[in-house]
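In: Fold the following, please.
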Amino acid sequence: MALKRTNVYAEDSYLDLIKEAAARLGVAEAEIIREGIHRIALAHRVWGEPFVSDDETFDFGGPMGKGEIRTAMIRAYAGQERHGQGDAV
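Out: Numbers count the residues shown, from 1 in each chain. Down below sits the predicted model:
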């Protein structure tokens, strides 16, 4: 991957945090900055197509409340525990 030089203005407090992290991790400050740029660029990426299609979604018959979601998760977890018994080696 080819790297390009650029100038970025940052607050002193952020630069201090970067300096501390780089020293703690034993890497260059530039590496911390590159990782931050990479993470934020991916976080704001716009995908050309939806993550799932309409055919891959679930229809629960309407909006579900917190209680219904909680009950479904508890039932699913309890079922998973029953099925998983004795599988550990």
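In: From here on, just use CA atoms for contacts and neighbour counts.
Out: Noted.
In: and residue 21, what pLDDT?
Out: pLDDT recorded at residue 21 is 97.
In: likewise residue 81?
Out: Model confidence at residue 81, expressed as pLDDT, equals 57.
In: Same check on residue 51?
Out: pLDDT, residue 51: 76.
In: now it: how far from residue 21?
Out: The gap separating residue 51 from residue 21 is 34 Å, by CA to CA, to the nearest Å.
In: Between those two, which has more neighbouring residues?
Out: With neighbours defined as other CA atoms under 10 Å, residue 51 and residue 21 compare such that residue 21 has more, 15 against 8.
In: Tell me how many other residues surround residue 18.
Out: Look at residue 18: counted by other CA under 10 Å, it has 18 neighbours.
In: what sits against it?
Out: Taking CA atoms under 8 Å, 6 or more residues apart in numbering as the contact definition, residue 18 lies against 29, 32-33.
In: again, only this time at 7 Å
Out: Neighbour list for residue 18: 29, 32 [criterion: CA atoms under 7 Å, 6 or more residues apart in numbering].
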